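Visitor: Sequence unavailable; structure follows:
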């Protein structure tokens with residue numbers, strides 16, 4: 001199985017202090033991959049560095065053997081919800097249509113075909129009836145669904161999602177994971193920053209354990225173990241019985 005993403009010797013620092021250091025890993029295509037680690041481990045920074053949203057000190061990223069800039073149109077990104085200005089005066093449909101701009105080019109304006117595609121994506125996330133609603137008037141879960149619809153509209157091959165389950169209700173979480181499963185079924189690769197350890201085995205094929213450096217990466221059944229989790233979380237993690245989800249962060 002070919003590797004869709006390769007990260008080599010990746011180091012990112014803020015104010016000369018490394019946030020992630022000498023990170024290297026590869027992931028295969030068509031998988032759901034959870035990026036797991038404690039607060040401050042550099043999970044969001046890793047994604048932003050790959051997407052060139054923050055500068056890196058060293059390292060190389062290749063997507064399907066090419067640079068990120070060469071493959072930008074085939075990469076989708078769902079940021080943390082709190083990092084978005086939800087007071088910006090625009091409606092849900094317009095936000096989703098932004099995902100089509102990469103296909104249009106700079107000089108073309110979205111037309112009927114783009115609008116129809118955006119509406120289809122809103123339908124997939126259960127938000128079609130909110131197409132003309134201002135984004136500031138949506139709940140947290142609804143806002144997250146809108147950004148997922150925008151990523152779908154992009155029709156990418158590789159997706160990065162930064163804590164998409166945070167602050168959403170159970171129904172939205174179920175809708176999101178069903179969507180991720182559908183993306184995987186269609187051969188897409190999805191990397192998800194995730195914090196709920198109790199659902200890792202259920203949600204992800206692969207797991208990347210990170211705490212400023214790679215602790216381990218691979219198939220979830222091989223990586224998501226007490227031994228590697230203790231290395232990732234240190235004394236903050238207690239291992240319980242499997243019937244109690246197996247994990248507890250203190």
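Guide: Perfect, thanks for sending it. It should be emphasised that the depicted structure is a prediction, and the values quoted were computed from it without experimental measurement.
Visitor: so residue 205 makes contact with residue 221?
Guide: No: using Cβ atoms under 8 Å, residue 205 makes no contact with residue 221, being 9.3 Å away. Every C-beta, even on glycine, is put in place using the N, C-alpha and C of the backbone.
Visitor: Looking at these two, which one has more neighbours?
Guide: Legend: neighbour count by other Cβ atoms under 10 Å for residue 205 and residue 221, higher for residue 205 (17 against 11).
Visitor: can you tell me which residues contact the more buried one?
Guide: Applying Cβ atoms under 8 Å, 6 or more residues apart in numbering to residue 205 gives the contacts 31, 32, 33, 184, 219, 220.
Visitor: do that again at 10 Å, thanks
Guide: 27-28, 30-34, 184, 189-190, 219-221 (Cβ atoms under 10 Å, 6 or more residues apart in numbering).
Visitor: likewise residue 8?
Guide: 22, 23, 24, 25, 26, 58, 59, 60, 61, 62.
Visitor: low-scoring stretches of this protein, by residue?
Guide: 1-2, 102-110, 235-250 (pLDDT under 70).
Visitor: now the helices for it?
Guide: 43-50, 68-71, 92-97, 101-104, 112-124, 140-154, 170-185, 200-203, 220-223, 226-233 (DSSP state H).
Visitor: related to what we said a few turns ago, A PyMOL selection for the contacts of residue 8, restricted to the buried ones, would help me check which they are.
Guide: Per 16 or more other Cβ atoms under 10 Å, the buried members of the contacts of residue 8 correspond to this PyMOL selection:
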select buried, resi 23+25+59+61+62
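Visitor: rewinding a little: of all the helices of the chain, which lies closest to residue 194?
Guide: Minimum separation from residue 194 across the helices of the chain (Cβ to Cβ) falls at helix 200-203, 6.7 Å.
Visitor: Can you tell me what sits against the closest one?
Guide: With Cβ under 10 Å, 6+ apart, helix 200-203 has contacts from 32, 34, 36, 165, 173, 176-177, 180-181, 192, 194, 196, 207, 220-221, 223-224, 229, 242, 245-247.
Visitor: Contacts only, for the residue nearest to residue 210 when sequence neighbours are not counted.
Guide: Counting by Cβ to Cβ, 6 or more residues apart in numbering, residue 210 lies nearest to residue 37, which is 4.1 Å off, once chain neighbours are set aside. If you count contacts by Cβ under 10 Å, 6+ apart, residue 37 has them with 43, 46, 193-195, 208-215, 229, 232-233.
Visitor: Can you give me the distance of residue 37 to residue 8?
Guide: 20 Å (Cβ to Cβ, to the nearest Å).
Visitor: Spatially central residue (nearest the centroid) of this protein, please.
Guide: Geometric centre of the chain, nearest residue: residue 161, 1.4 Å, by Cα atoms, centre = their mean.
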